[in-house]
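K.L.:
sequence plus the predicted model coming up.
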Amino acid sequence: QVQLVESGGGLVQAGDSLSLSCAASGRTFSTYSMGWFRQAPGKEREFVAAIRWSGGNTNYADSVKGRFTISRDNAKNIVYLRMNSLKPEDTAVYYCAADPFGSTSYYYMEEVYDYWGQGTQVTVSS
């Protein structure tokens, strides 16, 4: 069993930066692929970024590519999402998720992630 706790959300202005953290419990965290998803009001949850267990392979949604960076520290059981040049359309609840099987080809699909955090709100004002 893995428990995930996100932190770092808040209210920022357009163009600002923000870093989210996701702390994971469990000794097998370092073997899991991790993902960040977000859900804006009235919209379905969508993929944001994913990172393999080693940290050497990352993927991003087109909407955040070049602005967001996902990283992880397996020694600390933490995955990060650094968000730069934030836009009002980035406003959403951000969730981290853990994929125990490292579904390489399906990192963008919610279904491959077995564990989810409670989410942290990010609000970007114009």
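P.N.:
Thanks, I have the structure now. Residues are numbered from 1 along each chain as shown.

K.L.:
for the spatially most central residue of the chain, which non-adjacent residue is spatially closest?
P.N.:
Centrality entry for the chain: nearest residue to the mean C-alpha point is W36, 2.1 Å, by CA atoms, centre = their mean. Nearest non-adjacent residue to W36, counting by CB to CB, 6 or more residues apart in numbering: V48, 4.3 Å away. Where you see a C-beta, it was placed from the backbone N, CA and C, and this is true even at glycine.

K.L.:
need the contact list for that neighbour.
P.N.:
Counting by CB atoms under 8 Å, 6 or more residues apart in numbering, V48 makes contact with G35, W36, F37, R38, Y60, A61, V64, F68, L81, Y94.

K.L.:
go with 6 Å
P.N.:
V48 makes contacts with W36, F37, R38, A61, V64, as judged by CB atoms under 6 Å, 6 or more residues apart in numbering.

K.L.:
list the buried ones in the helix or strand hosting the first one?
P.N.:
Put plainly, it is W36. Using DSSP states H and E, W36 maps to strand 33-39. Buried residues in strand 33-39, counted by 16 or more other CB atoms under 10 Å: S33, M34, G35, W36, F37, R38.

K.L.:
need phi/psi at the nearest residue in space to Y107 that is not next to it in sequence.
P.N.:
In space, and not counting its chain neighbours, Y107 is closest to A50: 3.8 Å by CB to CB, 6+ apart. Main-chain torsions, A50, degrees, to the nearest 10: phi -140, psi 150.
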